[in-house]
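Engineer: build me a structure from this.
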Amino acid sequence: MSNPFILAIKTDPGQFLGELDTSELKAVVEGCVEVLEKRAKKGESEAPAALQSLYRSVANIEI
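Structural biologist: Numbering: from 1, shown residues only. Below is the predicted model:
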């Protein structure tokens with residue numbers, strides 16, 4: 001795998017994500033949701049569970 005984004009997030013996700021500013025994190029999350037929604041609609045078996053897990057995580061955030 002030669003993509004630096006993927007390599008960094010797999011190697012040390014906490015450090016990688018911690019270096020992003022809020023608008024960058026928002027863009028990453030929105031992109032992930034969009035891709036998971038499309039994959040779920042296409043019938044990819046793991047996508048609905050991943051999307052549901054993401055929604056649950058967000059629902060449990062206390063501000």
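
Engineer: ok, Ala8 - contacts?
Structural biologist: Contacts for Ala8 (Cβ atoms under 8 Å, 6 or more residues apart in numbering) come out as 15-16. For glycine as for every other residue, the C-beta is placed from the backbone atoms N, C-alpha and C.

Engineer: and the strand or helix carrying Lys26, how far out from the chain's middle?
Structural biologist: Assigned by DSSP states H and E, Lys26 belongs to helix 22-41. Relative to the chain's own centre, helix 22-41 is displaced by 6 Å; criterion: Cα atoms, centre = their mean, to the nearest Å.

Engineer: what lies in contact with that helix?
Structural biologist: Counting by Cβ under 8 Å, 6+ apart, residues outside helix 22-41 touching it are 17, 20, 47-48, 50-51, 54.

Engineer: now the helix or strand just after that helix: average pLDDT?
Structural biologist: Remark: after helix 22-41, the chain's next helix or strand is helix 47-59, criterion DSSP H and E. Averaged across helix 47-59, the pLDDT comes to 94.

Engineer: buried residues in helix 47-59?
Structural biologist: Across helix 47-59, burial judged by 16 or more other Cβ atoms under 10 Å covers 47, 51.

Engineer: what's the angle from that helix to helix 22-41?
Structural biologist: 150 degrees (axes from the mean of the first three to the mean of the last three Cα atoms, to 10 degrees).

Engineer: circling back: going by distance to Ile6, which of the contacts of helix 22-41 wins?
Structural biologist: Lowest distance from Ile6 to the contacts of helix 22-41 (Cβ to Cβ) belongs to Leu17, with 13.2 Å.
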